[in-house]
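Asker: what's the 3D shape of this:
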Amino acid sequence: MIAKYMEEIDEVNQIKDISKIKPDIIPFKCPNCQGYGTVQYGKKVCHSCSGKGYILVNQKEVPNG
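Answerer: This next block holds a predicted model:
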């Protein structure tokens with residue numbers, strides 16, 4: 001009975017450890033084209049995101065605070 005309870009606690013602790021993982025790169029919606037990938041009503045491809053609609057922000061370079 002106690003061993004089964006301890007196994008459940010170990011599983012919960014493993015889940016908590018996984019949730020503490022933080023990604024190195026986070027995607028954000030492109031501030032220039034607002035996620036559409038084009039500018040000037042679809043006439044030009046967005047130069048900021050190269051038409052993807054999102055930009056990748058490296059979290060190691062961003063200061064915490």
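
Asker: quick one: the helices in this structure?
Answerer: 2-19 (DSSP state H).

Asker: got the residue ranges for the strands in the chain?
Answerer: Secondary structure of the chain (DSSP state E): strands at 25-29, 38-39, 44-45, 54-58.

Asker: And residue 41, how far from residue 59?
Answerer: Computed as CB to CB, to the nearest Å, the residue 41 to residue 59 distance reads 34 Å. Every residue, glycine included, has its C-beta placed from N, CA and C.

Asker: The two: which is more packed in?
Answerer: residue 59 (12 against 7; other CB atoms under 10 Å).

Asker: shouldn't that one be in contact with residue 26?
Answerer: Yes. The pair residue 59 / residue 26 is scored as a contact, 6.0 Å apart, by CB atoms under 8 Å.

Asker: Name the spans of the chain whose pLDDT lies under the cut-off.
Answerer: Residues of the chain meeting the criterion pLDDT under 70: 1-19, 61-65.

Asker: can you list contacts of stretch 42-51?
Answerer: 30-33, 36-39, 53, 55 (CB atoms under 8 Å, 6 or more residues apart in numbering).

Asker: Now with 10 Å, please.
Answerer: 27-40, 52-53, 55-56 (CB atoms under 10 Å, 6 or more residues apart in numbering).

Asker: which of the residues you listed are buried?
Answerer: Burial by neighbour count, judged by 16 or more other CB atoms under 10 Å, picks out 30, 33, 37, 39, 53, 55 from the contacts of stretch 42-51.

Asker: Now for the last one: which residues touch it?
Answerer: The contact partners of residue 55, by CB under 10 Å, 6+ apart, come to 26-32, 46, 48-49.

Asker: ditto for the third one
Answerer: Going by CB under 10 Å, 6+ apart, residue 37 touches 30, 45-46, 49-54.

Asker: one more time with 8 Å
Answerer: Residues near residue 37 by CB under 8 Å, 6+ apart: 30, 45-46, 49, 51-53.
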